[in-house]
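**Q** Okay, predicted coordinates and the sequence, questions at the end:
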Amino acid sequence: MWYFVVALVVVVTLIWQMTDLKARVVDLIARNLREPKGLVGHLVRIILGKGNASLENETVKHLNIQPDHKVLEIGFGPGIGLNAALEKVEHSSGKVYGIDISEQIVESAQRRFKEAIKRGKLEIRLGSAMELPYEDDLFNSVFHTNCYYFWPSLEQGISEMKRVLKPGGIMLTGLFYDALLTSTRKGFLKYGPNWRPELYIEKLKEGGFVDVAMETVTKPSGHTGHSYQVIFASKP
Ligand SMILES: C[S@@+](CC[C@H](N)C(=O)[O-])C[C@H]1O[C@@H](n2cnc3c(N)ncnc32)[C@H](O)[C@@H]1O
């Protein structure tokens with residue numbers, strides 16, 4: 001029996017190396033991290049929903065959302081952050097908005113949050129951070145986790161966030177720096193070349209945001225072995 005197992009491992013290893021299967025799998029995952037689509041997109045959404053749930057929840061906690069706030073999440077993926085933000089505004093006049101570039105992600109959120117959408121507490125849109133379909137000075141806060149890496153232009157995304165935020169409104173990004181370094185090394189951020197937090201921080205300052213800072217939070221986040229980072233910025 002073990003001869004068979006060893007032979008199988010050898011054959012799979014050979015195929016893996018000869019056909020460049022590994023590179024293709026990495027490429028497929030990298031594409032679906034930028035824009036979940038099809039079967040792999042569904043799998044990526046499920047995995048993100050487990051792996052990044054604590055990050056999304058912690059990021060929302062840092063926003064200090066008040067019951068009457070209007071809050072936008074960009075690139076909401078599985079919708080964990082939308083759900084956490086909704087809980088904060090549930091019993092008042094506040095409202096949550098979500099925008100994502102992936103049709104599959106948007107359809108999935110529309111199903112999951114059918115009730116909240118019907119009650120007018122949540123608005124989901126298909127669209128890009130490059131051109132936010134919202135009026136000026138609308139939101140008290142805008143947040144995203146694991147998203148800016150994929151924006152075609154950081155400058156444009158930052159300018160759009162600043163436009164839709166109210167004066168004094170805050171922008172918050174959550175990330176796992178260690179996981180970012182590993183993902184980059186393994187090729188999973190092939191389609192997210194702008195992942196460096198330092199670059200994002202620099203662009204936020206150039207884009208007119210103030211009080212820009214990155215903080216590492218080491219209290220238990222529920223994500224085994226990880227501290228996480230939050231980048232804060234305010235619109236003057
Ligand atoms: C890696 S996933 C992260 C999802 C979730 N926020 C998390 O941390 O698990 C990136 C998400 O951003 C979305 N996205 C990528 N580029 C975008 C863009 N230009 N505008 C809006 N959403 C975008 C993708 O469709 C995807 O849902």
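**A** Yep, that arrived.
**Q** Ser227 contacts Thr218, correct?
**A** Yes - counting by C-beta atoms under 8 Å, Thr218 is a contact partner of Ser227 at 4.2 Å. The C-beta positions use only the backbone N, C-alpha and C, and glycine is treated the same way.
**Q** in stretch 114-127, what's buried?
**A** For stretch 114-127, burial by neighbour count (16 or more other C-beta atoms under 10 Å) applies to 116, 121-124.
**Q** Reformat the residues you listed as JSON lines; add distance to Glu87.
**A** Below are those laid out as JSON lines (distance: C-beta to C-beta, whole Å):
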{"residue": "Ala116", "distance to Glu87": "10"}
{"residue": "Lys121", "distance to Glu87": "10"}
{"residue": "Leu122", "distance to Glu87": "11"}
{"residue": "Glu123", "distance to Glu87": "17"}
{"residue": "Ile124", "distance to Glu87": "17"}
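**Q** Quick check: the farthest pair among those residues?
**A** Lys121 and Ile124 (11.3 Å; C-beta to C-beta).
**Q** can you give me the strands in this structure?
**A** Along the chain, counting by DSSP state E, strands occupy 70-74, 95-100, 122-126, 139-145, 165-175, 210-217, 228-234.
**Q** nearest to the ligand, of those strands?
**A** Smallest distance to the ligand across these (C-beta to the nearest ligand atom): 3.7 Å, for strand 139-145.
**Q** what does that closest one rub up against?
**A** Defining contact as C-beta atoms under 8 Å, 6 or more residues apart in numbering, one finds that strand 139-145 is touched by 52, 55-56, 59-60, 63, 65-66, 69-75, 81, 97, 129, 161, 164-166, 169-175.
**Q** now with 6 Å?
**A** For strand 139-145, the external contacting residues (C-beta atoms under 6 Å, 6 or more residues apart in numbering) are 55-56, 59, 63, 69-75, 161, 164-165, 169-174.
**Q** Let me have the buried residues of stretch 114-127 in JSON lines, extended by distance to Val40 and pLDDT.
**A** Below are the buried residues of stretch 114-127 laid out as JSON lines (distance: C-beta to C-beta, whole Å; pLDDT from 0 to 100):
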{"residue": "Ala116", "distance to Val40": "28", "pLDDT": "97"}
{"residue": "Lys121", "distance to Val40": "31", "pLDDT": "97"}
{"residue": "Leu122", "distance to Val40": "27", "pLDDT": "98"}
{"residue": "Glu123", "distance to Val40": "28", "pLDDT": "98"}
{"residue": "Ile124", "distance to Val40": "22", "pLDDT": "98"}
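**Q** could those residues be laid out in a markdown table, adding distance to the ligand?
**A** Shown next, in a markdown table, are the buried residues of stretch 114-127 (distance: C-beta to the nearest ligand atom, whole Å):
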| residue | distance to the ligand |
| --- | --- |
| Ala116 | 18 |
| Lys121 | 20 |
| Leu122 | 16 |
| Glu123 | 15 |
| Ile124 | 12 |
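**Q** can you give me the offset of the lengthiest helix in the chain from its chain's centre?
**A** For the chain, the longest helix by residue count, based on DSSP state H, is helix 2-18. Helix 2-18 sits 37 Å away from the centroid of its parent chain (C-alpha atoms, centre = their mean, to the nearest Å).
**Q** again, but for stretch 47-58
**A** 9 Å.
**Q** For it, list every residue counted as buried.
**A** Residues of stretch 47-58 classed as buried: 48, 51-58 (neighbour count, 16+ other C-beta under 10 Å).
**Q** for stretch 178-193, same thing?
**A** Neighbour-count burial for stretch 178-193, with 16+ other C-beta under 10 Å as criterion, is recorded at 179-180, 183-184, 188-190, 192.
**Q** Max pairwise distance over these: which two?
**A** Among these, Ala179 and Lys190 lie farthest apart (C-beta to C-beta), at 15.6 Å.
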